[in-house]
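Asks: Generate a structure from the sequence data that follows.
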Amino acid sequence: QVQLVESGGGLVQAGGSLRLSCAASGRALSHYAMGWFRQAPGKEREFVAVITWNGGSTQYTDSVKGRFTISRDNAKNTGYLQMNSLKPEDTAVYYCAAKTGLMTTTTSYNYWGQGTQVTVSS
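Replies: This is a model prediction of the structure:
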């Protein structure tokens, strides 16, 4: 099993940047594909980005392409989501997740963090 803890959320003005971190403990993060999801009030949890276990491939939802970058450092057992040019519509609780096997944009992940709040003011 792996336990995930997100950090790095906060309040930022539109156009600003934040970097979210996802620290893993337990089993090594390198065994898992890692994804980032977000959930705004009153909305369903949605896919943001995903990265393969070795960082060799990534995928993003259209609304964040060119603004967000997913990465990972398996030596540090940590994943990241760099968010630039933030918009008010990016406001949500952001969750990291890990799964064995192939990466996916669905919510079918084995393990989830508790989430970190990102608020973008206009």
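Asks: quick one, phi psi at residue 62?
Replies: phi -60, psi -40 (degrees, to the nearest 10).
Asks: center of the chain - which residue?
Replies: residue 36 (2.6 Å; Cα atoms, centre = their mean).
Asks: The helix or strand where it lies pairs with which strands, and in what direction?
Replies: Take DSSP states H and E as the rule and residue 36 turns out to sit in strand 33-39. If you go by DSSP bridges, strand 33-39 pairs up with strand 46-51 (antiparallel), strand 92-99 (antiparallel).
Asks: Quick check: mean pLDDT of it?
Replies: Across strand 33-39, pLDDT averages out at 98.
Asks: buried set for that strand?
Replies: Neighbour-count burial for strand 33-39 flags 33-38 (criterion: 16 or more other Cβ atoms under 10 Å). The way it works is simple: take the backbone N, C-alpha and C, and place the C-beta from them, glycine included.
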